[in-house]
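Peer 1: Would you be able to build a 3D model of this:
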Amino acid sequence: MSDGAPLIVGLGGTTRPGSSTERALSAALGAAEALGARTRLVGGDFLAELPIYDPRPGGPTPRQAEMAEIIRGADGLILATPGYHGSLSGVMKNALDTLELLRDDARPYFSERAVGVIVTAAGLQAAGTTLTAVRSIIHAMRGWPTPFGAAMSVSSDSFGPDGRPLEPRDAWQLDTVAAQVVQFARMRFTS
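Peer 2: Residues are numbered from 1 along each chain as shown. Here you go, the predicted structure:
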């Protein structure tokens, strides 16, 4: 943590430019910045360039190594995925699989980091099952899922020109995820 400002990394989005998932993640990172955090977005374009994770010898690609290094430096994370057929997207799952590169680190995977979750879907049933799946992955990766996870039924026209959700309930969800990640990141480094 630099100068008391935690670094919150937002990981997620889709391969579609301007996706509602990436817009929701960007809004949550904006809320984290308003709380004094530094932020970094690792969005859909970046995730789409990651090759399928392959644990066989040969080492990571430069893009995979870059992603591992970004996550190493994070004090907290916000993961955002669309709900595809009741679970997270393939690009998001591949990104999380790629973090196997952190296995032998002093803080392996998501250890000692708060991890917030945002799920966007066309309906809340898919959002709910996806939220449960992502939280299970966070536990498996030794992270601390925040008590609140955002499950949102949104589309790309659900956001205003300022990038914030038009629905107050959606804005509250993103603000709550961001606040919990920032709060836990600060608690970790002040205890």
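
Peer 1: which strands and helices sit next to the helix or strand in which residue 31 is found?
Peer 2: If you go by DSSP states H and E, residue 31 is part of helix 20-34. In terms of contacts (3 or more CB pairs under 8 Å, 6 or more residues apart in numbering; DSSP states H and E), helix 20-34 is packed against strand 7-12, strand 38-42, strand 76-82, strand 114-121, strand 150-153, helix 168-190. (C-beta placed from N, C-alpha, C; glycine too.)

Peer 1: Let's check: the centremost residue of this structure is which one?
Peer 2: Against the mean C-alpha coordinate of the chain, by CA atoms, centre = their mean, the closest residue is residue 79 at 1.6 Å.

Peer 1: Bridged to it, which residues?
Peer 2: residue 11, residue 117 (DSSP bridges).

Peer 1: one step back: can you list contacts of the helix holding residue 31?
Peer 2: For helix 20-34, contacts defined as CB atoms under 8 Å, 6 or more residues apart in numbering pick out 8, 10, 12-14, 39, 41, 43-44, 78, 80-82, 116, 118, 120, 150, 152, 154-156, 158-159, 163-165, 170-171, 174-175, 177-179, 181-182.

Peer 1: Format the helices and strands packed on helix 20-34 as TSV; extra columns: mean pLDDT.
Peer 2: Formatted as TSV, the helices and strands packed on helix 20-34 follow (pLDDT from 0 to 100):
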stretch	mean pLDDT
strand 7-12	98
strand 38-42	98
strand 76-82	97
strand 114-121	96
strand 150-153	94
helix 168-190	93
